[in-house]
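K.L.:
based on what follows, work out the 3D shape:
(4 chains)
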There are 2 protein chains.
Amino acid sequence: MTTDFDNGFNDLSLEDIARLSGVSRSTVSRVVNQHPNVSDTTRRKVMEIITRYNFKPHPAARALASQRSKIIGILIPHIVSDLFTDPFFSILLQGITTAANSLNYSPILWLTSANVDESAFYDQVFNDRLADGMIVASATVNATFLERLDQRSKPYIIIGRPFTAHEKTSYVDSENEQGARMLVEHLILSGRRRIGMITGRSGLTSSHDRLQGYISALQHADIPIDMRLITPASDYTDASGYSGMKLLLQHRVDAVFAANDVMAVSAMRAIKEAGLRIPEDIAIGGFDDMGLAHSSEPPLTTIHQPISHLGDSAVRGLIDLLEGKVEPPFQQMLPVKLIVRQST
Amino acid sequence: MTTDFDNGFNDLSLEDIARLSGVSRSTVSRVVNQHPNVSDTTRRKVMEIITRYNFKPHPAARALASQRSKIIGILIPHIVSDLFTDPFFSILLQGITTAANSLNYSPILWLTSANVDESAFYDQVFNDRLADGMIVASATVNATFLERLDQRSKPYIIIGRPFTAHEKTSYVDSENEQGARMLVEHLILSGRRRIGMITGRSGLTSSHDRLQGYISALQHADIPIDMRLITPASDYTDASGYSGMKLLLQHRVDAVFAANDVMAVSAMRAIKEAGLRIPEDIAIGGFDDMGLAHSSEPPLTTIHQPISHLGDSAVRGLIDLLEGKVEPPFQQMLPVKLIVRQST
DNA sequence: TATAAGTTTGGGAGCGCTCCCACAATTTTT
DNA sequence: AAAAATTGTGGGAGCGCTCCCAAACTTATA
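P.N.:
So this is what the prediction gives:
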């Protein structure tokens, strides 16, 4: 069943492969790195030995000689409780690692945690010499943070455009504004006029952009903005969705746009408790398109956000930056999609 | 505000530090690695320069020379959907990375994902030359997998004892059996006699052990085991908790032990729908002590599982293995705790 | 056919450390 | 006081690659 060679105890070096195939170290290196200037016969001969012995170059030696480790750092400075409840980061991580692995990069992980000294942690992260570049997955990148990031001479990409982004800041983000607008336009088109909004956590660009989309949709339809229909203190949580909806119910809305699915679902609870029907009396839409969106009763109309693609794009962008294929400001906004279900 | 030296553009080498402090490369190396044979004066002098210039040794050079990268691989071979719904892995990951960082190791991540060729993925993982050792967080380590793991000459630790573990297999796990037994004993002590069990996914040691604990508690109390009170096809999911409970209701149980909190909560739904009261008519207990356990109505009595410690222990165990402080079979069972709330 | 230009190959130097051995400085023992 | 043991320090070799330059060989051009 098993061959004599590929037994996992593979500790040959380039030199060994060179000797075995009767060429020089340099030539083997060229074959391994797919350098063009190698004759077909030589390449084939060397490849045969490489496969036979299942040779893989030593990553540390390679990193030392080339000054590039092919390791990317993933920084998720997030409090524990968020990670528990919010599948966002799990999905993102999956997207990131899958992309990294497929491009022959290894992701190393930095997670903050409640019982760790934050400043020491960031010193560790910012002084890291291992990773070639880093991906920062945080909704709350502030000016100071960005400054330290820029001071390092290594490329980075932030997931979620920061407020303090300057023209050289690299980031990937979803089209939050456009998504919100699409959702609200859909509500308008289905005849709703008193459309409320349950906003996201203040201080986040996603909240800001989604609110912006809501406003812009109303304006384009010549519906006046009524500030009483915009909740003042929501924060993406279940509880604030419920209380936000209670507030809106006092103003006889006929539709609601909740800035995420979690709040939309808890708002639905408030609507039902008030004895109103969805969507007959009040239509409701969310944002994110997570699991709970299609398991809710009725299933929720929402905006699908490509979380896993966000991770994928971040990795590809970073690697392009790393390999000099693109120049520093790598900025990408990913399209979102309106998913119409039965709640509108 | 900022000093002249610590500006993040730190690319000095050992040699540079040696020159700056008037000693040799070797001496600086000794200081950095806390080697004992350095005089106090010299050590202080060198340390001063190191701190001033914020010197950190180059990881790749160090890895090449010492043949140890201080990188550990984290393998989570899990399907996407599980990661979404189950906070277990997020918490575990947090525990692992926190422990690794604090011990100056870097965790690199391997996650399987639905749209990736599995065999290629495992080839990549098993042929990895970067990590010194690995932690496998999977409930489904089978014999073949274990064999490949053993064939590699690098240390590993599995989180969750595999069925096929042999005397040399290293793992950390929670005391599932003991926990289940504690929970069921608690039910017995509060006067329950017809105690049903909603089992976990078959094929997992955790399910097996929890069932074992249930059986053993009943036996010790001289309560005969009634097979009709043990659900045949549950699998830790919400749906199977609900349907499992429906089944048990036909046999007039006065208490139920669900193998995890998710099923316990959906079982509660079934109980309420049947018009019965918790805990008056039926007492119910779960396992895991996740968020939903204290937010359920009534709050759920359950067994607290130290997930984050599981990660921590795995990392510490692996590093001890790596540094030769302990010999290969590192096996550790972590204690669990009975948390009594209002459902019993 | 001689010469220029391109292609293929090998060898040296060097990446920044660790680890060993030899030597110097110091302390202990005789 | 000299010899032996101990502690402290420096330098060389080497980890396994990449990258550059030069040499050898091939093909195109005058």
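K.L.:
shouldn't A:Pro298 be in contact with A:Ser343?
P.N.:
Yes: with contact defined as Cβ atoms under 8 Å, A:Pro298 counts as touching A:Ser343 (5.1 Å). In this view, the C-beta of every residue, glycine as well, is placed from N, C-alpha and C.
K.L.:
overlap in contacts of these two?
P.N.:
The contact sets of A:Pro298 and A:Ser343 overlap at A:278-279 (Cβ atoms under 8 Å, 6 or more residues apart in numbering or on different chains).
K.L.:
the more surrounded of the two?
P.N.:
A:Ser343 (25 against 14; other Cβ atoms under 10 Å in any protein chain shown).
K.L.:
helix/strand/coil for the more buried one?
P.N.:
Classification of A:Ser343 by DSSP: H, G, I helix; E, B strand; the rest coil places it in coil.
K.L.:
does it touch A:Ile282 like I think?
P.N.:
No: at 9.2 Å, A:Ser343 does not count as touching A:Ile282 under the criterion of Cβ under 8 Å.
K.L.:
check what pLDDT the nearest residue to A:Thr112 once chain neighbours are set aside gets.
P.N.:
Using Cβ to Cβ, 6 or more residues apart in numbering or on different chains and skipping the chain neighbours, the partner closest in space to A:Thr112 is A:Pro77 (4.6 Å). Looking at A:Pro77, its pLDDT is 77.
K.L.:
how about A:Val31?
P.N.:
At A:Val31, the model reports a pLDDT of 92.
K.L.:
what about it, neighbour count?
P.N.:
Count around A:Val31 with other Cβ under 10 Å applied: 23.
K.L.:
how about the strand or helix carrying it and chain B, touching?
P.N.:
Per DSSP states H and E: A:Val31 is located in helix A:25-32. No: using Cβ under 8 Å from any Cβ of the partner chain, helix A:25-32 stays clear of chain B, coming no nearer than 13.2 Å.
K.L.:
do the same with stretch A:271-285
P.N.:
No: counting by Cβ under 8 Å from any Cβ, chain B is not contacted by stretch A:271-285; separation bottoms out at 14.9 Å.
K.L.:
show me the contacts for the residue nearest to A:Thr112.
P.N.:
A:Pro77 neighbours (Cβ under 8 Å, 6+ apart): A:110-112, A:136, A:138, A:140.
K.L.:
hmm, 10 Å instead?
P.N.:
A:110-113, A:118, A:121-122, A:125, A:136-141, A:145 (Cβ atoms under 10 Å, 6 or more residues apart in numbering or on different chains).
K.L.:
whichever of those end up buried, select them in ChimeraX.
P.N.:
Buried members of these, defined by 16 or more other Cβ atoms under 10 Å in any protein chain shown, are picked up in ChimeraX with:
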select /A:110,111,112,113,121,122,125,136,137,138,139,141,145
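K.L.:
can you tell me the residue of the stretch 151-300 of chain A closest to chain B?
P.N.:
Here the stretch 151-300 of chain A gets closest to chain B at one residue, A:Gln151, 4.5 Å apart by Cβ to the nearest Cβ.
K.L.:
surely that residue touches A:Phe126?
P.N.:
Yes: counting by Cβ atoms under 10 Å, A:Gln151 touches A:Phe126, with 8.1 Å between them.
K.L.:
between the two, which is the more surrounded one?
P.N.:
Between A:Gln151 and A:Phe126, A:Phe126 has the larger neighbour count (other Cβ under 10 Å), namely 16 against 12.
K.L.:
how close does that one sit to A:Ile159?
P.N.:
Shown here: A:Phe126 relative to A:Ile159, a distance of 18 Å by Cβ to Cβ, to the nearest Å.
K.L.:
please apply the same query to A:His208.
P.N.:
Distance, A:His208 to A:Ile159, by Cβ to Cβ: 16 Å.
K.L.:
sec struct for A:Ile135, please.
P.N.:
On the three-state scheme (three-state DSSP), A:Ile135 is labelled strand.
K.L.:
correction: A:Phe257
P.N.:
Under three-state DSSP, A:Phe257 comes out as strand.
K.L.:
try A:Val172
P.N.:
Quick answer, by three-state DSSP: A:Val172 is strand.
K.L.:
what pairs with it across the strands?
P.N.:
A:Ile159, A:Gln332 (DSSP bridges).
K.L.:
I figured it hits A:Ala314, correct?
P.N.:
Yes: between A:Val172 and A:Ala314 there is a contact under Cβ under 10 Å: 5.0 Å.
K.L.:
what is in contact with the two at once?
P.N.:
A:135, A:157-160, A:330, A:332.
K.L.:
of these, closest to A:Leu276?
P.N.:
Within the shared contacts of A:Val172 and A:Ala314, distances to A:Leu276 taken as Cβ to Cβ reach their minimum at A:Gly160, with 34.6 Å.
K.L.:
my guess is that closest one meets A:Ala137, correct?
P.N.:
Yes: assessed by Cβ under 10 Å, A:Gly160 is found in contact with A:Ala137 at 7.5 Å.
K.L.:
identify the contacts common to the two.
P.N.:
Joint contacts of A:Gly160 and A:Ala137 (Cβ under 10 Å, 6+ apart) are A:310, A:314.
K.L.:
so who does the closest residue to A:Leu103 other than its chain neighbours touch?
P.N.:
In space, and not counting its chain neighbours, A:Leu103 is closest to A:Ile319: 5.8 Å by Cβ to Cβ, 6+ apart. Applying Cβ under 10 Å, 6+ apart to A:Ile319 gives the contacts A:70, A:72, A:99-100, A:103-105, A:132-133, A:155, A:157, A:325-326.
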